[in-house]
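J.: Provided below are the primary sequence and the corresponding predicted coordinates.
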Amino acid sequence: MPPEAHPARRFEGHVAIVTGAASGIGRATAIRLAVEGAAVACLDVAAEGVAETAGALGILGAKTMVARCDVTKEIEVKRAVARVANSLGRPDVLCNVAGVGTFVHTTDMTLEQWDRIIGVNLTGTFLMTREVLPHMIEPNQGNIVNVASTAGLVGSAYSAAYCASKGGVVMMTKALAIEYAGRGVRVNAVAPGGVETPLIADFGLPPGGDPKQFERIMSAMGMCKPEQVASAIAFLASEESTYTTGAVLAVDGGVTA
């Protein structure tokens, strides 16, 4: 169902923050939440891409704002969340989508590559969550959805840093869900498999160009669309899943079944 035809307005009156909103799953999530009534703050390091996303939300008539934010930088995260609260109001939905990755032999991986992947995927999720949580704890109401990956559930060659980062996201999701279950804050995650996004292109070919490396993320159902992941995120962030926390919802066409 195209976004403009979606009958639900599950996020009317809610303020959502979406990281990685310049493209792919982040853009699809921002659009989905906006279509369903949310005011959406679009965060990303890619200024041009995130502006395009905000433009799309504007066409839909949604209330939105843009903040260029490197989620690995503590000061940028603090400033971005403060701007959201001042401009749109108290954020009560956080979607941690920003992510990076690449295929590389572990023996060839530089510390800089390792730090970047862990920094964006895991530390970035932590920093955003830590900064937004106080806005959710006081009124005892909030929903956090993290984008993990099937790589956080099963191993994959040439992907040590990526698997480690996404496995960390999975366990952080579960730990936070337990920690804040009594404070009205639900924390869940989605674990996509192969999704048609710029991140897949960023990964490039595995060492040696071995196409079999893609078999773990490919489903007989074909590649996943960003909008399909966004639908799962919207469900977990909505009032339709009020007794769900600490869950990791695989959106992978059965690859990890």
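T.: Great, that's in hand.
J.: can you tell me how far residue 44 sits from residue 66?
T.: Distance, residue 44 to residue 66, using C-beta to C-beta, to the nearest Å: 8 Å. Where you see a C-beta, it was placed from the backbone N, CA and C, and this is true even at glycine.
J.: Could you do residue 239 as well?
T.: 27 Å.
J.: same check, this time on residue 100
T.: Distance, residue 100 to residue 66, by C-beta to C-beta: 20 Å.
J.: repeat for residue 42
T.: In terms of C-beta to C-beta, residue 42 sits 5 Å off from residue 66.
J.: same question, residue 15
T.: For residue 15, the distance to residue 66 equals 14 Å [C-beta to C-beta].
J.: Check residue 170 too.
T.: In terms of C-beta to C-beta, residue 170 sits 29 Å off from residue 66.
J.: The two: which has the busier surroundings?
T.: It is residue 66, of residue 170 and residue 66, that has more neighbours when counted by other C-beta atoms under 10 Å, with 22 against 18.
J.: Tell me the secondary structure of that one, please.
T.: strand (DSSP: H, G, I helix; E, B strand; the rest coil).
J.: where does the closest residue to it other than its chain neighbours fall, helix, sheet strand or coil?
T.: Among residues not flanking residue 66 along the chain, residue 54 sits closest, at 4.7 Å (C-beta to C-beta, 6 or more residues apart in numbering). Classification of residue 54 by three-state DSSP places it in helix.
J.: what's the distance between residue 54 and residue 93?
T.: For residue 54, the distance to residue 93 - C-beta to C-beta - is 17 Å.
J.: So for those two, which residue has more residues nearby?
T.: The neighbour count for residue 54 versus residue 93, taken as other C-beta under 10 Å, is higher for residue 93 (26 against 23).
J.: Tell me which residues touch the more buried one, please.
T.: By C-beta atoms under 8 Å, 6 or more residues apart in numbering, the residues touching residue 93 are 11, 14, 15, 16, 17, 33, 38, 142, 143, 144, 145, 237.
J.: hmm, try it at 10 Å
T.: 11, 14-18, 29, 33, 38-41, 132, 136, 142-145, 233-234, 237-238 (C-beta atoms under 10 Å, 6 or more residues apart in numbering).
J.: Next step: the residues you listed restricted to strands.
T.: Among the contacts of residue 93, the members falling in strands are 15, 16, 17, 18, 39, 40, 41, 142, 143, 144, 145 (criterion: DSSP state E).
J.: now the helices: where do they sit in the stretch 101-250 of the chain?
T.: Assigned by DSSP state H, counting those that start in this stretch, the helices in the stretch 101-250 of the chain fall at 111-118, 124-137, 160-179, 198-203, 226-237.
J.: In terms of mean pLDDT, which of those helices ranks lowest?
T.: Among the helices of the stretch 101-250 of the chain, helix 198-203 carries the lowest mean pLDDT, at a mean of 60.
J.: The spatially most central residue of the chain and residue 50, how far apart?
T.: Geometric centre of the chain, nearest residue: residue 97, 1.9 Å, by C-alpha atoms, centre = their mean. Going from residue 97 to residue 50 by C-beta to C-beta gives 12 Å.
J.: so what sits against both of the two?
T.: Shared contacts of residue 97 and residue 50, defined by C-beta under 10 Å, 6+ apart, comprise 18, 19, 20, 21, 22, 23, 26, 27, 30, 43, 44.
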